[in-house]
Every structure is written in C-alpha cells, then in structure tokens.
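> Provide a 3D model corresponding to the input given below.
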Amino acid sequence: MILSVDELRFFYRNREILARIGFSINEGEVVAILGPNGVGKTTLLKCLNRILQPKSGVISLNGDSLSSLELIEIARRIGYVPQRVETGRLTAFDAVLLGRRPHIGWDITEKDLRIVDAAFRRFGMEHLRLSYIDEMSGGELQKVAIARAFVQEPKILLFDEPTSNLDLKNQVEILSTIREIVTQHQIAAVMTMHDLNLALRYADRFILLKDRSIHLCGGRDAITSKEIEEVYGVEVVIGELEGVPCVIPKCLTPAAGG
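Predicted coordinates:
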C-alpha cells in the first residue's frame, strides 16, 4: 500500500468541505476521483500532498504520516500536475528539469540530465526540447507538466483534471501514457475527472464523492446506473463497448415553455 487516508476532514473557514474521508491506494493502481462540480475533488487532491492542510485525520505515505515529512521529502515521493499549468519564458527542457529540484544538491548532475532526456524520449517530446512553453498548445504543455512530475521519480502521481481543454487525441495519448507509467514503474496515480467514460476506460478504482463524503469506493463493477444517478442526479444507461462500461445519459425532458 502506497497511500492511506483515515478520517480526513477539511474546512474552508467554518464550512466543512470534506467529512471523514478514508481510503487506500496500492502500487500499480490508477484511481479516479469523481463527483459533481463543487463536491471537493480538487480539495481532496490538494490535501494528499499538503498543498492544503486538513482540519483532522491521518494521511500516510508508505507508512509515514504526511504531517511528519518535510516538504522536500513530500516532493520526492509525490508528483502533482495541476489543472492549469503556469507558463513562462522557459524552454520545455528547463521546465522539465525543474522537476529534479527535490533531488538536486549543489549542482545539476549527469544523472539529472539523463533522467530528463529519458523523459523527453518517453513522452515523444524530443522535438519540443528547446520550444518555449508559453508558445505551446494545451496538449504539448500538459505533456511537459506530466514529464516534470515524472522526473521527480515519485511513488504517486496526482492529476487535477488531466484531460481538461484537450482534444480527443490528446486525451487518449495522455491517459494512455499515465496508465503505462503506473503499470511499468509500479507506482500509483490519482486523478480528478469529470468524464465518466474516460475514467472507466483508464482507471482501476473509483472514488465517488457526494455531500462532503465518499459515497462509493470500488472497482468498475461498483459503478452502476443507480450509483451514478444518486451522485449526479441524472438517469443513465450503462452499456459496454469493447469490454469497457459506457455511461449514456437518458434524454432529459425540456422544461415547459422552454
């Protein structure tokens, strides 16, 4: 087990956002955090690497309490890719090299450069090495952000809406890459997502949030039309395409006079 969360609670001012959250994540797993807008998906993700400080509860990383670790040690173990990647006048190579910062001592080493070079090959980004990230497309920039997190050599990768604002080709490429990295390196990934069908295709387990707490935590078999309707308030039909569940919303009746 890489990560465990027990009795986590989080407040914004005096308003409880997350209540008594608990789950665990194992090596080789991709976990999707799902739920309607405003339910606390991003808040939960940010609690997992101490960007936000929970009110109470215990988050353990490889048996160590997250609250006992220095921030640099958290950065060595957890890679984080936010929904909106900040740009600047940096080349892609320099941006990815920044991911090695938790490991760099007095100076950049040959090992650091080799790891960054390998990441560019791994993500098929060799042609972008000297391109400026503020001139990149959304898909290119997302690949740079994932590569930067990957070169941290983390045990767990956190992604906040990794496919937002991307076209279909880039969605498939990025999620396929995340899936491959997790499997080959036996690490774990946690992703907040809105697209249920993409989540069902690429994730192993699912956490559905509702009313500040976990409504459901399980594998594909646990994702039923009843559970989706209870969480999202929309009637759906679940079919199957190439062995993967496919969620199809039922037609909504237009409001009278609309």
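> who's Ile207 bridged to?
Beta-bridge pairing of Ile207, defined through DSSP bridges, involves Ile33, Cys217.
> go on, Ser213?
Beta bridges link Ser213 to Lys210, judged by DSSP bridges.
> contact partners for it?
Ser213 makes contact with Leu18, Ala19, Arg20, Ile21, according to Cβ atoms under 8 Å, 6 or more residues apart in numbering. For the C-beta atoms, the positions are set from N, CA and C on the backbone; glycine is no exception.
> among these, who's most crowded?
In terms of neighbour count, Leu18 stands highest of the contacts of Ser213 at 25 neighbours, by other Cβ atoms under 10 Å.
> ranges for the helices of the stretch 151-258 of the chain?
If DSSP state H, counting those that start in this stretch is used as the criterion, the helices of the stretch 151-258 of the chain fall at 168-185, 196-202, 225-232.
> list of residues touching the second one?
The one in question is helix 196-202. Against helix 196-202 from outside (Cβ under 8 Å, 6+ apart): 30, 32, 34, 163, 171, 175-176, 178-179, 191, 193, 206, 220, 223, 228, 244-247.
> can you count the residues close to Val234?
Neighbour count of Val234, defined by other Cβ under 10 Å: 13.
> for it, give its distance to Gln171.
Val234 sits at a distance of 22 Å from Gln171 (criterion: Cβ to Cβ, to the nearest Å).
> what is the neighbour count of Ile51?
For Ile51, using other Cβ under 10 Å, the count is 15.
> now do the contacts for it.
The neighbours of Ile51, taking Cβ under 8 Å, 6+ apart as the test, are Tyr80.
> switch the cut-off to 6 Å
Going by Cβ atoms under 6 Å, 6 or more residues apart in numbering, Ile51 touches no other residue.
> cool, and Phe159?
Phe159 touches Val81, Met191, counting by Cβ under 6 Å, 6+ apart.
> beta partners for it?
Following DSSP bridges, Phe159 is listed with bridge partners Val81, Met191.
> ok, back up a step: redo the helices of the stretch 151-258 of the chain as JSON lines? Include mean pLDDT.
As requested, these are exported to JSON lines (pLDDT from 0 to 100):
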{"stretch": "helix 168-185", "mean pLDDT": "91"}
{"stretch": "helix 196-202", "mean pLDDT": "94"}
{"stretch": "helix 225-232", "mean pLDDT": "94"}
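> reformat those into CSV and put distance to Gln142 next to each item.
What follows is those, written out as CSV (distance: least, Cβ to Cβ, whole Å):
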stretch, distance to Gln142
helix 168-185, 6
helix 196-202, 14
helix 225-232, 26
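> ranking those helices by burial, who's on top?
Mean neighbour count (mean count of other Cβ atoms under 10 Å) peaks for helix 196-202 among the helices of the stretch 151-258 of the chain, with a mean of 20.
> tell me the SS of the residue nearest to Thr87 when sequence neighbours are not counted?
Excluding its sequence neighbours, the residue lying closest to Thr87 (Cβ to Cβ, 6 or more residues apart in numbering) is Asp134, at 4.2 Å. At Asp134, secondary structure determined by DSSP: H, G, I helix; E, B strand; the rest coil is helix.
> neighbours of Asp134, how many?
Neighbour count for Asp134, taken as other Cβ under 10 Å: 11.
> show me where this structure has strands.
Under the criterion DSSP state E, strands of the chain are mapped to 3-12, 15-25, 30-34, 56-61, 64-65, 78-81, 156-160, 188-192, 205-210, 213-218, 236-241, 244-249.
> buried stuff in the first one?
It stands for strand 3-12. By 16 or more other Cβ atoms under 10 Å, the buried positions in strand 3-12 come out as Leu3, Ser4, Val5, Leu8, Arg9, Phe10.
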